[in-house]
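In: model the following, please.
(2 chains)
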Amino acid sequence: MDGTARNGTPPRGLAMLAVQVEKTLGDAFFLKASFTSTSRATALFGASGAGKTSVINMIAGLLQPDRGRIELDGEVLFDEAERIDLPAFRRRIGYVFQEGRLFPHVSVRGNLDYGRWMSGQKTDDTAFRHIVDMLDIGHLLDRRPGKLSGGERQRVAVGRALLMRPRLLLLDEPLASLDVARKRDILPYLERLRDGAQVPMIYVSHNPAEVKRIASRVVCLDAGKVIAAGGPELLDAAHIDVLA
Amino acid sequence: MFDLSPQDWTAVALSLRVAAVSTLVALPFGIAIAVLLARGSFWGKSLLDAVVHLPLVLPPVVTGYLLLISFGRKAPLGAFLADHFGIVFSFRWTGAALACGIMAFPLMVRAIRLSVEAIDRRLEDAAATLGANSGWTFITVTLPLALPGIIAGMMLAFARALGEFGATITFVSNIPGETQTISAAIYTLIQVPGGDADALKLVVISLVICFAALLGSEWMARRATARLHGA
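Out: Reported below is the predicted structural model:
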């Protein structure tokens, strides 16, 4: 529960993500980013419009880079030169979207089970219980997403992504749509997640305080370029502040 | 009120059968074309759109005549279907169902297309990250979210099929027990002296059926929408 894993070296066996992508987005925006992540929680930090979401969409397979290569745990997910582009549904990368994107037509339980159904995995009651308890969503299982508060919705979204047993978890500003009090409620769950679930995460945020609490490594993006990468102390440097 | 002649009851039953069969058979095609028009970008899309809408603007007699010269027993398409699959349309109730299905098709496609266009495609992206391929995504996300539009489209098609007259009578004539639907029966009754009373009974029955279809579909669509918004 404490921050032992935050600043130390990554535990052995953690996923290694290597991203090197280029893409022209719209008329004048050119994204060119390369970074690696071996840490338990890496933050992609930058102002809105810096290209953070585009980068994780490329990792997830929802957006195709023009050029480059994406590798996870030694498996090539995308390589323009070798013409490899693993479709999103085969990548086994969990994604928590900014707005949750829960399926409105099925119950919370149906949402949580969706990834397991689609990947043909057996029911694992222990894992289900564990994640439901960790996120404190047991009392919501029979409700519909339309009846959830913003904070509950994001917790269910995290649970849904975790229950598909992802190799990597992408979180795109999961707190951005919540008010300050809700943010404070959810941050401890995310810390528990980082320390308890054996899944490395990429955490996208423009909020330095959040990033410092969650991430052990920070990659700073500005106008589509990586301008700095390093430990969370990076955020104390004066020139980074102008980004947020 | 309900002392209808057996022939009139046959017309009522036939109308219901023709409308139900044409709606159900048109449904998979309607969904496919609606999704294609809502999502696809391909050469000839506006042409396809125009062809689908043609029955809405053409005089029904013209549609019926076009059906006659393409699906009649001597027509190339009709002969081919009869020889190879044993499907005969001319002067059969199946022909009435075909005419009704084609007349109702644009209404069905429009309703489904609107609901498919309204779907938040980001939910489909979410399904993909959870391991669903495009087929499963369509079945588990797209179709359920389009359900209110699918129900509305089916209702419109059913009502249109019940009311179809011109194309049917042109294509398959007005044969009692085979192709004489309610509309054709009413038309026949008001042609004969003293048939007005029977015609009026059929008019009342078609009003009742259409009201029931409207109310029923309204209720189903409301339930489907409520399900989407978390009831």
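In: quick one: pLDDT of the closest residue to chain B within chain A?
Out: Using Cβ to the nearest Cβ, residue A:146 is the residue of chain A that sits closest to chain B, at 2.2 Å. The C-beta positions use only the backbone N, C-alpha and C, and glycine is treated the same way. Predicted confidence (pLDDT) for residue A:146: 88.
In: run a quick neighbour tally on it.
Out: Residue A:146: 15 surrounding residues under other Cβ atoms under 10 Å in any protein chain shown.
In: contact residues of chain B facing chain A?
Out: Applying Cβ under 8 Å from any Cβ of the partner chain, we find that chain B lies next to chain A at B:120, B:122-123, B:125-133, B:136-137, B:140-141, B:144-145, B:147, B:227-231.
In: buried among those residues? Need that as a selection in PyMOL.
Out: The buried residues among the residues of chain B next to chain A can be selected in PyMOL (16 or more other Cβ atoms under 10 Å in any protein chain shown) with this line:
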select buried, chain B and resi 123+125+126+127+128+129+130+131+132+136+137+140+141+144+145+147+227+228
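In: from the residues of chain B next to chain A, which land in helices?
Out: Among the residues of chain B next to chain A, DSSP state H puts B:122-123, B:125-129, B:136-137, B:144-145, B:147, B:227-228 in helices.
In: okay if I get the residues you listed as TSV plus pLDDT?
Out: Formatted as TSV, these follow (pLDDT from 0 to 100):
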residue	pLDDT
B:122	95
B:123	96
B:125	95
B:126	96
B:127	96
B:128	95
B:129	95
B:136	95
B:137	96
B:144	93
B:145	94
B:147	92
B:227	76
B:228	75
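In: nearest to residue B:63 among those residues?
Out: Taking Cβ to Cβ as the measure, residue B:63 lies nearest residue B:147 of these, at 29.5 Å.
In: doesn't residue B:223 make contact with that closest one?
Out: No: look at residue B:147 against residue B:223 with Cβ atoms under 8 Å: they stay out of range, at 9.6 Å.
In: can you tell me how far the residue positioned nearest the centre of chain A is from residue B:210?
Out: The residue lying closest to the centre of chain A (Cα atoms, centre = their mean) is residue A:170, at 1.7 Å. Residue A:170 is 52 Å from residue B:210, where distance means Cβ to Cβ, to the nearest Å.
In: could you do residue B:17 as well?
Out: 16 Å.
In: cool, and residue B:97?
Out: The spacing between residue B:97 and residue B:210, counted by Cβ to Cβ, is 18 Å.
In: and the residue nearest to the centre of chain A, what are its bridge partners?
Out: Beta bridges link residue A:170 to residue A:95, residue A:202, judged by DSSP bridges.
In: below-threshold pLDDT in chain B: ranges please.
Out: Applying pLDDT under 70 to chain B flags residues B:1-2, B:230-231.
In: what ranges does it have for its helices?
Out: With DSSP H as the criterion, chain B has helices at B:6-39, B:45-57, B:60-71, B:76-85, B:93-117, B:121-129, B:134-137, B:143-163, B:166-172, B:182-191, B:196-228.
In: for residue A:70, find the nearest of those helices.
Out: helix B:121-129 (14.6 Å).
In: touching the closest one from outside, list them.
Out: Residues outside helix B:121-129 that contact it (Cβ atoms under 8 Å, 6 or more residues apart in numbering or on different chains): A:60-62, A:87-89, A:91, A:93-95, A:97, A:99, A:101, A:103-104, A:114, A:118, A:161, B:134, B:136-137, B:140-142, B:145.
In: how about stretch A:133-144?
Out: Residues outside stretch A:133-144 that contact it (Cβ under 8 Å, 6+ apart): A:104, A:106-109, A:112, A:132, A:148, A:152, A:155-156, A:158-159, A:189, A:192-193, A:196-197, B:227, B:229-231.
In: least trustworthy helix or strand in chain A by mean pLDDT?
Out: Ranking every helix and strand in chain A by mean pLDDT, DSSP states H and E puts helix A:4-7 at the bottom, with a mean of 42.
In: buried sites along the helix or strand just after that helix?
Out: Downstream of helix A:4-7, the first helix or strand assigned by DSSP states H and E is strand A:17-25. Within strand A:17-25, the residues scored as buried using 16+ other Cβ under 10 Å are A:17, A:18, A:19, A:20, A:21, A:22, A:23.
In: what is the fifth one paired to in the beta sheet?
Out: Partner residues in beta bridges with residue A:21: residue A:33, residue A:68, with DSSP bridges as the criterion.
In: next one: it from residue A:185, what distance?
Out: Applying Cβ to Cβ to residue A:21 and residue A:185 gives a distance of 34 Å.
In: do the same with the third one
Out: Taking Cβ to Cβ as the measure, residue A:19 and residue A:185 are separated by 31 Å.
In: now do residue B:59 against chain A, distance only.
Out: 41 Å (Cβ to the nearest Cβ, to the nearest Å).
In: do I have it right that that residue meets residue B:170?
Out: No: the pair residue B:59 and residue B:170 does not pass the contact test of Cβ under 8 Å, sitting 9.7 Å apart.
In: in space, what's closest to residue A:230 - neighbours in sequence excluded?
Out: residue A:218 (6.4 Å; Cβ to Cβ, 6 or more residues apart in numbering or on different chains).
In: go ahead and name everything in contact with the helix or strand harbouring the one you found.
Out: In the assignment (DSSP H and E), residue A:218 maps to strand A:217-222. Contacts to strand A:217-222, defined as Cβ under 8 Å, 6+ apart, come from residues A:33, A:35, A:37, A:39, A:41-47, A:50-52, A:55, A:211, A:226-232, A:234-235, A:240, A:243.
In: what lines up beside it in the sheet?
Out: As defined by DSSP bridges, the strand partners of strand A:217-222 come to strand A:41-45 (parallel), strand A:225-230 (antiparallel).
In: mind listing what's buried in the first one?
Out: Yep, that's strand A:41-45 we're talking about. Buried residues in strand A:41-45, counted by 16+ other Cβ under 10 Å: A:41, A:42, A:43, A:44, A:45.
In: and after it, which helix or strand comes next?
Out: Trace forward from strand A:41-45 with DSSP H and E and the next one is helix A:52-60.
In: need the mean per-residue confidence for that next one.
Out: 93.
In: helices and strands around it, which ones?
Out: strand A:17-25, strand A:29-37, strand A:41-45, strand A:67-72, strand A:93-96, strand A:168-172, strand A:201-205 (3 or more Cβ pairs under 8 Å, 6 or more residues apart in numbering or on different chains; DSSP states H and E).
In: let's go with 6 Å and repeat that
Out: Contact partners of helix A:52-60 among helices and strands, from 3 or more Cβ pairs under 6 Å, 6 or more residues apart in numbering or on different chains; DSSP states H and E: strand A:168-172.
In: tilt between the strand it packs on and strand A:29-37?
Out: 140 degrees (axes from the mean of the first three to the mean of the last three Cα atoms, to 10 degrees).
In: which helices and strands does strand A:168-172 pack with?
Out: helix A:52-60, strand A:93-96, strand A:201-205.
In: tell me the mean pLDDT over it?
Out: On average, strand A:168-172 scores 94.
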